[in-house]
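Novice: Structure, please.
(chains A, B and C, ligands or ions: 2)
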Amino acid sequence: MTNSKLKLGIRMGAYGGVATIYLCLVGIIETFSDRDIITGIISLGHTLLFLTALVTGYLNMQQVDKLINPAHQVVEKAPKPKDTIHSAVAGIITGISLVILVLVLDRFNIRDMLVNASPKLFELLLLEKGVTPTMVSLLPFGQGLAAGMLRLVVFSTVLGLVGGTLYLLPPTRRRSIMLGIAMVVLLGLLSDLMRIALNKPGWSEGFYKLIYTGRGLSSQGAVITLVATAAITSAWRYIPDSYTRVISVITAWLPTWIRITLASLLSVSLLLRLAWFLGIENVYPPILPDCPGLITSNISLTNCTEWISQGLSAPQESTEGGLASSAPAVSAAITLADSLMLLGIAASIFLLLVRTVQMSMSSDIQKWPAPPLQKLERAQRLVTLYLGVAALLFIPGVVGVYPSEVLVMVGLYVVMGLGLNIVVGMAGLLDLGYVAFFAVGAYSMAVLTTVDASVGGAQLSFWGALPLVVVITGIAGLLVGAPVLRMRGDYLAIVTLGFGEIARFLALSDWFKPALGGAQGIIKIPDIHIGGVEFVGPQKLYYLILVSCLIAYFITARLKDSRVGRAWGAMREDEQVADVMGVNTTAYKLLAFAMGALIASVSGAIFAAKLGTIYPHSFNVQVSITALGLLIVGGIGSLPGVVVGAFALVGLPELLREFSEYRMLFYGAAMVIMMLVRPQGLLPSARRGHKLQGNERDQDDWMRIAAESEAAGSESSG
Amino acid sequence: MLRNALERFSWVAFLLWCLRIGVIALVVWGASATLLSGRYSASNWISLIVAGLAQGSVYALIALGYSLVYGILLMINFAHGEVFMAGCFTAYFAARALESSGYLAKHPLLTIGALLIVSMAVSTIVAVLLERLAYRPLRNAPRLVPLITAIGASFVLQYTFRGLYGSGFSAYPTFDILRGRWMVAGASIQIVQVVVFISALLLMAVLYWFVERTKTGKSMRAVSEDKEIAALMGIDVNRVILVTFAIGGLLAGAAGVLRGLYQPQGISAFMGFIPGLKAFTAAVLGGIGNIPGAMLGGIFLGVFESIGPNLVLEGLGIPGANQLRDAIAIVMLVFVLIFRPQGILGEKLSEEKA
Amino acid sequence: MPHLLESRRLLKDFGGLNAVDHLDFHIDEGEIVSLIGPNGAGKTTFFNLITGFYPADDGKVLFDGHNLLGLSPYQITELGIARTFQTVRLFQEMTILENVMVGQHCRGRSGVLGAVFRPPRYRAEEARIRKKAEEQLAFFGSRLGGYRLDQMANSLSYANRRRLEIARAMGTEAKLILMDEPSAGMNPKETEEIASLIGKLRDERGFTILVIEHDMKVVKGVSDRVVAMDYGHKIAEGTYENVANDEHVIEAYLGRKATREDQDAS
Ligand SMILES: Nc1ncnc2c1ncn2[C@@H]1O[C@H](COP(=O)(O)OP(=O)(O)OP(=O)(O)O)[C@@H](O)[C@H]1O
Ligand SMILES: [Mg+2]
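Specialist: Ligands and ions are numbered 1, 2, ... in the order given. Here you go, the predicted model:
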């Protein structure tokens, strides 16, 4: 047994070693070492390096568990603390693999072939680079090759040990530690975003300074994050409860008119902000100044009265930054609404306090009686909806330009993903050429609206062209759908992939150059207007995309739960049977393609107007794969999964420049890993969640056995 | 009566017939227009065809990998193009090293042999790893699952190799002994193309012998007939599958070197995608799962692709016809799948296989 | 009165093997007819021909005055023929209720616009579809009802899957239901239940039923008429007793069992 555990440790260690060497030679460690997680202490590259050792130790322990306790039943047989020694072995082996790599790097020049086998990698592996000089001097074993190698082995061993121990911890504790580590990494990664979003005058600045320093977390920030995450995860189950409780108190005890007034004041304030935001003329660079008003400025009790007087007399300072002249009036209105709202909140808190005092004084007043359940549920839904809408509306103003740009990209992919979800998730047709529809949408929008005289000529506005674009792309969907109608799943996949490529070849060719502009593409696509508002710059485009996402979501959600959706579902599950049950599968396949195309076309059309210029090269197979990948990561067929998938696969890499080079590598790996480990996706469509298969089957067997014995009994007696 | 006829009228069938007639008409029209215009002489055509044969034989080698795997697992190994790339790309470094050390100039044939070994070894390793890590765990999953994995794996491989080897490359070195041209019937033919074609044919002959005559080859055929029964007969199915992937890898690796010989440019981590797609087309064209079919399909596709743009597209008056060369294969794939999914040599597949 | 369903010299040739060989067959409205025959006799193939699963090579199938040959399966279902499968083929990852609602598909009209905007007409139709589906499921009592409505079909036990298949077929509001071995794989108790269910389907719901069945107790219990097939031919037809005692049938198929039943009787 010990022997086989040892062997297991060595094998796992070797896997871990191969994985780390892979990360080094592909260049991920080196590229990522430029990004700090905790400033001056550890970079993303080193984090990855160490995490591999940690994960190796963890997985090793998992395997040990499986080895000695295959059925997961006998508690006495669970791995014991002394088994962590095997995780340490795995760690040692991983470390030794790295040492071998270091030696090879030291002795041979393999850089002619393996571009990333660079001196920098060498230094990173010896931990002499990527950390601040003070840290280097603090490291054990000092400087030099031998010391560095020793350090590698020791670190890996310890991390392997830690990984193994982690597995042995009780699940709740383990989860909060792992989440804590994940949170530190995530916050460290998002430091640039956070700087833009938080590091500006106001209450957020203090928070930023508390957690971040330089281009990563500060060490105190890391500790705070770890502790806070652990605390929140352990308190997690109480949070929804207290949310309900707060709402219940408010609904039960605040007079309705106060609630309504407060809500409308908040709405007015929000809407005014939105109007202000959309109404500003565009400046270049397209950075919008902060909106005037109270919420974004420094809140302290002393200048409360000042605000109110400010609100009553139109403030002048909001005209800074070359704003439109209409701003003062609007900003006055906003400040007024804000002030009234704050007053209202103060008043209601006062009321509640009075109530509490009353309650504690006399015993015949009932203690916080809960409102009727229905009312409470409705209130909760309303509040959640309200908060959700407010958050969605305010994101671009709060986060700034670059993150808004990221959100716009995410939104474009959400729309595409929702469309593809109809084809793949609902109808079960694996379409790998989905980019073709996105391209047709973008190109037809470009051709119809461009003011460049060499192509097109219709020079429509965006809104004039949009219906045409949708129709054209829908027809393209039918054209792609028709030939593949009778093809089986995997052929269909490859043929659609081919169609995607053909679309690009045609756009690139001389043949279509007069119409589509060849490799130079189409330029001078005008911006999108609604009335006086010009949707330029990511912060404003965000709203447009948001609306299209909501519409697409609405449409797909409604289709999913309808006669059409059921017909698609039947077709996905068993095409022949669907046909026999009365579904015209030919028509529904075409419909799926057309609907998918139609939704993608909207995404494409906005994309064209957003960029103002489009080239065939923007429409390559990677777009299709990204769209498919986000479905897979989120869970095929699941609508919230599309959103989650888009954030994970489009949002994260957009935020982290370093990722861009390895983006497709991650997509590919994500697809493979999801298929191997979690084919239902991160957020499986709810219906697949609970299966009572086991139960009913058991019951079934039981019934059968009973019936059989009964039959046997009657036979013997007869 | 009329109502009955209307109920039976199928738009799809009607459109398919229109399509079929339309395509044939276009091809005939284009070809006759080109031939009548006399823009190209017979010797032009001969050089084009020989170039097509060389290209096609490389497609055929890759196509065999698709076909062998499909024959056994009924699965499209989408990442096979990347298996080809892996070998070709790695052999590039070997070639560079041998050239700069002067060995290439002294022993060109041995160099080619060494390149073949390097390329075939790397491709085989990649193919086998793919099978073990990505496909084997999914043996019993629904059909589209391994396909999605294969697509993912394909991207992982592309970007792994780009990460490992970087992205700026010059060409394969050229071999003096392969450089000349022969004059045949007034047409000048590149020697290298002939050599590539013949080597590919030799390899295919070896494969054919292997599958038909050796014990392993026979168990491969047994497994492709029926996995369960083969297992009952004492055949180690997993081993046979692994061997199949390995053979596909060997052939793809060889194809990689041959491609480097006649088309030294364009070495990159993404060089496998389009040839992969075309080789798949070739496999389908010949009847997927069918070994002689894949060979024929590849060669047919190579030749058609070589003469097609000049013969058909120019006749139709399409400018820049050669830019559409890559699209031809895909269009051909679509038409084959619509009108003759069983391919040129394939028998009508049973319900389960089709 | 013309027959509800009639096949004339129906032929299916699987590359030399005539799975259904010039078969003449008919069933009248309100009848329960059993189709029996040894394995490979061509019974399932006959069903596949009627429902348009396979194209026939020759002959005619008339249903309610329509010639079915050449129609797509969904058109045939629309005309009023529904079926179950020998190997249960449910829509696994859809709920029980949805499975039956798919059966109602051909009785609905609404499309994409209806689904998105949900006008009153759509709502009414959807409510009707739902009600009808629940009605069919209620036929099976609590087995497929209640909390089970929203469970996945693949969570059901084997017997319940068979029941759900029947419910789905009922959901199409067919005139004629073709059942392919409804009692296969069921225990004796469940088999009895199925037999009484078939009777109830006709008596209470007015379906005409053609059933393929191997269990002679069921055949005896439910059929108005029995048709025996072998090698694609009809070898006997008539009441259960007539067919069971027909020498061709005994020879082809019933031989052993018939003698056992005789023994039982004596
Ligand atoms: N798709 C097909 N291709 C070729 N032969 C087929 C096909 N389907 C059925 N057959 C053959 O047709 C014959 C009749 O098969 P069928 O399934 O109709 O028999 P059955 O009477 O339903 O038998 P069972 O009682 O086993 O269900 C069999 O010999 C079978 O092998
Ligand atoms: Mg049968």
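Novice: Run a quick check on residue A:352 versus residue A:252, I expect a contact.
Specialist: No: assessed by CB atoms under 8 Å, residue A:352 is found out of contact with residue A:252, at 10.3 Å. In short, each C-beta sits where N, CA and C put it, glycine included.
Novice: quick one: contacts for residue B:12?
Specialist: A:482, A:485, A:486, A:586 (CB atoms under 8 Å, 6 or more residues apart in numbering or on different chains).
Novice: And residue C:5, by the same measure?
Specialist: Counting by CB under 8 Å, 6+ apart, residue C:5 makes contact with C:25, C:26, C:27, C:50, C:61, C:62, C:63, C:64, C:81, C:176, C:208, C:210.
Novice: That one and ligand 1, how far apart?
Specialist: Remark: distance between residue C:5 and ligand 1 (CB to the nearest ligand atom, to the nearest Å) = 17 Å.
Novice: Also residue A:390?
Specialist: Residue A:390 is 61 Å from ligand 1, by CB to the nearest ligand atom.
Novice: Which residue, other than its chain neighbours, is closest to that residue?
Specialist: Among residues not flanking residue A:390 along the chain, residue A:270 sits closest, at 5.8 Å (CB to CB, 6 or more residues apart in numbering or on different chains).
Novice: so the one you found, which of the three states?
Specialist: Following DSSP: H, G, I helix; E, B strand; the rest coil, residue A:270 is assigned to helix.
Novice: Check the contact between it and residue A:392; I expect there is one.
Specialist: No: taking CB under 8 Å as the definition, residue A:270 is not a contact partner of residue A:392, at 10.8 Å.
Novice: Please identify which of these two sits among more neighbours.
Specialist: residue A:270 (18 against 14; other CB atoms under 10 Å in any protein chain shown).
Novice: list the contacts for the more buried one?
Specialist: Residue A:270 touches A:390, A:393, A:394, counting by CB under 8 Å, 6+ apart.
Novice: Just the pLDDT for it.
Specialist: On pLDDT, residue A:270 comes in at 77.
Novice: Looking at residue A:352 and residue A:252, which has the bigger crowd around it?
Specialist: residue A:252 (17 against 14).
Novice: Which parts of the stretch 151-300 of chain B are helices?
Specialist: B:191-213, B:215-225, B:227-232, B:237-262, B:273-286, B:291-308 (DSSP state H, counting those that start in this stretch).
Novice: sorry, that was for the stretch 51-200 of chain A
Specialist: A:84-107, A:119-125, A:133-138, A:145-168, A:171-189, A:191-198.
Novice: a markdown table for those helices, including mean neighbour count and mean pLDDT?
Specialist: Output for these, formatted as a markdown table (neighbours: other CB atoms under 10 Å in any protein chain shown; pLDDT from 0 to 100):
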| stretch | mean neighbour count | mean pLDDT |
| --- | --- | --- |
| helix A:84-107 | 22 | 89 |
| helix A:119-125 | 18 | 84 |
| helix A:133-138 | 11 | 67 |
| helix A:145-168 | 21 | 88 |
| helix A:171-189 | 17 | 87 |
| helix A:191-198 | 18 | 79 |
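Novice: quick one, which of these is nearest to residue C:36?
Specialist: helix A:171-189 (58.2 Å; CB to CB).
Novice: elements contacting the closest one?
Specialist: strand A:36-38, helix A:44-68, helix A:145-168, strand A:216-217, helix A:219-235 (3 or more CB pairs under 8 Å, 6 or more residues apart in numbering or on different chains; DSSP states H and E).
Novice: and with 10 Å instead?
Specialist: strand A:36-38, strand A:42-43, helix A:44-68, helix A:145-168, helix A:191-198, strand A:216-217, helix A:219-235, helix A:652-655 (3 or more CB pairs under 10 Å, 6 or more residues apart in numbering or on different chains; DSSP states H and E).
Novice: Could you double-check that residue B:122 sits in contact with residue B:157?
Specialist: No: taking contacts as CB atoms under 10 Å, residue B:122 lies outside contact range of residue B:157: 11.4 Å.
Novice: List the buried residues for stretch A:482-489?
Specialist: Of all the residues in stretch A:482-489, those buried under the rule 16 or more other CB atoms under 10 Å in any protein chain shown are A:482, A:483, A:484, A:485, A:487.
Novice: so how far is residue B:140 from the second one?
Specialist: In this structure, residue A:483 and residue B:140 are 31 Å apart, going by CB to CB, to the nearest Å.
Novice: same thing with the fourth one?
Specialist: As for residue A:485, its distance to residue B:140 is 28 Å (criterion: CB to CB).
Novice: Name the SS class of the closest residue to residue C:107 other than its chain neighbours, please.
Specialist: Setting aside the residues directly before and after it, residue C:107 is nearest to residue C:173 in space (CB to CB, 6+ apart), at 5.6 Å. Of the three states, residue C:173 takes coil under three-state DSSP.
Novice: List the residues that contact residue C:173.
Specialist: A:582, C:77-78, C:80, C:82, C:103-104, C:106-107, C:132, C:136, C:205, C:207 (CB atoms under 10 Å, 6 or more residues apart in numbering or on different chains).
Novice: Quick one: buried ones out of those residues?
Specialist: Here, 16+ other CB under 10 Å leaves A:582, C:77, C:78, C:80, C:82, C:103, C:104, C:106, C:132, C:136, C:207 buried among the contacts of residue C:173.
Novice: Am I right that the fifth one falls within a strand?
Specialist: Yes: assignment of residue C:82 by three-state DSSP places it within a strand.
Novice: Would you check that it makes contact with residue C:180?
Specialist: No: at 11.7 Å, residue C:82 does not count as touching residue C:180 under the criterion of CB under 10 Å.
Novice: list the residues that contact both of the two?
Specialist: Counting by CB under 10 Å, 6+ apart, the contacts common to residue C:82 and residue C:180 are residue C:165.
Novice: show me where pLDDT drops low in chain B?
Specialist: Flagging of chain B using pLDDT under 70 yields the residue ranges B:1-8, B:346-354.
Novice: what residues are up against the residue most central in space within it?
Specialist: Nearest to the mean C-alpha position of chain B, by CA atoms, centre = their mean, lies residue B:279 at 2.4 Å. Taking CB under 10 Å, 6+ apart as the contact definition, residue B:279 lies against B:58-67, B:80-81, B:84, B:252, B:255, B:272, B:294, B:297-298, B:301, B:329.
Novice: returning to that earlier point: who wins for most neighbours among the contacts of residue C:5?
Specialist: Result: residue C:81 is most packed of the contacts of residue C:5 (other CB under 10 Å), 28 neighbours.
Novice: give me every residue that touches that one.
Specialist: So residue C:81 contacts A:580, C:4-5, C:47, C:50-52, C:61, C:63-64, C:68, C:73, C:169, C:172, C:174-178, C:208, C:210 (CB under 10 Å, 6+ apart).
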